[in-house]
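In: predicted structure and sequence below. I'll ask about it afterward.
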Amino acid sequence: MSDLRDESAKKARNAMHIIPEKEYDFGVMCEYLPRFVHEDIWHELCMHWNIDEWHKKSERGKSNRKKADSDGVISRHTGGSRGYDEHRIILEQTLGRPPTFKELFLTTHLIKESKKIFLGRDV
């Protein structure tokens, strides 16, 4: 989202609006849509954006992503940079059949120790 806000602010500045760097004026920026965002959606975002609220929400999200469960494990996807299709193909080769959705989901969400138990082998 920050890229979209930055793009909109840059377009507004290029149109000779005075918006200080690293700041936003959503009243002006609302008229300068970033690429790939529908006009209705951008206008809705501009009307409801409050930069302080945005930062609070962003910080809450960062904090939530860093929280560990009771075992000290941080919840995260464990698939690395591979896409789901690549995981599916590799799992299909391993199992000798197409994997179920559950098998694919668990393979990409379990921690290493749990994958060993689930798959019955080292990963």
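Out: Thanks, I have the structure now. Numbers count the residues shown, from 1 in each chain.
In: now the helices: where do they sit in this structure?
Out: 2-14, 26-29, 39-48, 51-66, 84-95, 101-109, 112-119 (DSSP state H).
In: residue ranges with poor pLDDT in the protein?
Out: 49-55, 65, 68-71, 73-80, 121-123 (pLDDT under 70).
In: about what we covered before: and of the helices of the chain, who's closest to Pro20?
Out: Using C-beta to C-beta as the measure, helix 2-14 is the one of these that comes nearest Pro20, at 9.4 Å. All C-beta spots, glycine's among them, are computed from the backbone N, C-alpha and C.
In: now the helices of the chain as CSV including distance to Pro20 and mean neighbour count?
Out: Listed next are those as CSV, based on distance: least, C-beta to C-beta, whole Å; neighbours: other C-beta atoms under 10 Å:
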stretch, distance to Pro20, mean neighbour count
helix 2-14, 9, 16
helix 26-29, 12, 18
helix 39-48, 18, 13
helix 51-66, 13, 10
helix 84-95, 42, 14
helix 101-109, 43, 15
helix 112-119, 48, 13
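In: could you dump those helices into TSV and include distance to Gly72?
Out: Below are the helices of the chain laid out as TSV (distance: least, C-beta to C-beta, whole Å):
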stretch	distance to Gly72
helix 2-14	31
helix 26-29	41
helix 39-48	37
helix 51-66	12
helix 84-95	26
helix 101-109	17
helix 112-119	13
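In: next one: the closest residue to Glu7 other than its chain neighbours from Cys46, what distance?
Out: Nearest non-adjacent residue to Glu7, counting by C-beta to C-beta, 6 or more residues apart in numbering: Pro34, 4.1 Å away. Separation of Pro34 from Cys46 (C-beta to C-beta, to the nearest Å): 11 Å.
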